[in-house]
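Engineer: Can you look at this prediction? I've put the sequence above it.
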Amino acid sequence: MEAGSIDAILVKNLGNTPFHADDVPKHTVAMISALIKDIQRVVDVPISVDILRNDAEAALSIAAATTASFIRAGVHVGTLVTDQGIVTRRAAETLRLRDHLRTDVEILADVSVKHSAPAAERPLTETITDIISREHADGIIASGVGTGHKIDCGHLNTVVDVRDSLETGIPVFVDSGVTLETIADIYSNV
């Protein structure tokens, strides 16, 4: 993968289904940490950590201990209904833990993470503004409704437009449904 010019590697516990809502077992933390150290011995690209369903504190702890570059926080803002039940944002805990650990690990936050629905309707523009301005994410992830589902380009345009209006310049990433066949269409709609 590194020879193919990948930009980063995301390590996650995807095979850990059914996922724990927000507190994974300690052996998951240990195994993901060991896996990242093994990967770092053979590649020289940034590593990211995503601990599903929404254990951003575990992801941040792993990243700090292994010198991974960034984490993915699925529910950084708001409350979502998922197949794990109600999952509530963890931004306050995650940001305070990052300060406590004195690490510069970046937090990439999903706008509306896959396989979920908001517990209450709220304008998308407000959610994006909160992710950036109040919850201090270092990057935004926009997704389709489920794994492999192409993102709605209107949704993606709103994410980019709000980010641009706030003049932050933080990156926007697209997750799910990005293939060789769809990438040109997605990119041309932004």
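Structural biologist: Cool, the structure landed. Residues are numbered from 1 along each chain as shown.
Engineer: Give the bridge partners for the residue positioned nearest the centre of the chain, please.
Structural biologist: Centroid-nearest residue in the chain, with Cα atoms, centre = their mean: R72, separated by 2.7 Å. Note on R72: beta-bridge partners by DSSP bridges are L108.
Engineer: Could you give me the buried positions within the longest helix seen in the chain?
Structural biologist: In the chain, with assignment by DSSP state H, the single longest helix is helix 26-42. Of the residues in helix 26-42, T28, V29, I32, S33, L35, I36 count as buried by neighbour count, 16 or more other Cβ atoms under 10 Å. Backbone N, C-alpha and C define where each C-beta goes, glycine included.
Engineer: Can you verify my assumption that the last one contacts D50?
Structural biologist: By that I understand I36. No. The criterion here is Cβ atoms under 8 Å, and I36 misses it with D50 at 11.6 Å.
Engineer: so what's in contact with the two at the same time?
Structural biologist: By Cβ atoms under 8 Å, 6 or more residues apart in numbering, I36 and D50 have these common neighbours: V11.
Engineer: could you list every residue that touches V172?
Structural biologist: G139, I140, I141, A142, L156, V159, V160, R163.
Engineer: Of all pairs in those residues, which one is the farthest apart?
Structural biologist: Spatially, the most separated pair among the contacts of V172 is G139 and L156, at 14.2 Å (Cβ to Cβ).
Engineer: Neighbour count: those two, which is higher?
Structural biologist: Taking other Cβ atoms under 10 Å, G139 and L156 do not tie; L156 has more neighbours (20 against 17).
Engineer: Flag every buried residue along stretch 99-119.
Structural biologist: 103, 105-116.
Engineer: Now render these as TSV, adding pLDDT and secondary structure.
Structural biologist: Below are these laid out as TSV (pLDDT from 0 to 100; DSSP: H, G, I helix; E, B strand; the rest coil):
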residue	pLDDT	secondary structure
T103	97	coil
V105	97	coil
E106	97	strand
I107	96	strand
L108	95	strand
A109	92	strand
D110	89	strand
V111	90	coil
S112	81	coil
V113	79	coil
K114	74	coil
H115	79	coil
S116	81	strand
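Engineer: now, which of those sits nearest R89?
Structural biologist: For the buried residues of stretch 99-119, the minimum distance to R89 (Cβ to Cβ) is 9.1 Å, reached by A109.
Engineer: can you redo the buried residues of helix 26-42 as JSON lines with distance to I9 and pLDDT?
Structural biologist: Output for the buried residues of helix 26-42, formatted as JSON lines (distance: Cβ to Cβ, whole Å; pLDDT from 0 to 100):
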{"residue": "T28", "distance to I9": "18", "pLDDT": "94"}
{"residue": "V29", "distance to I9": "18", "pLDDT": "94"}
{"residue": "I32", "distance to I9": "12", "pLDDT": "96"}
{"residue": "S33", "distance to I9": "15", "pLDDT": "97"}
{"residue": "L35", "distance to I9": "11", "pLDDT": "97"}
{"residue": "I36", "distance to I9": "9", "pLDDT": "97"}
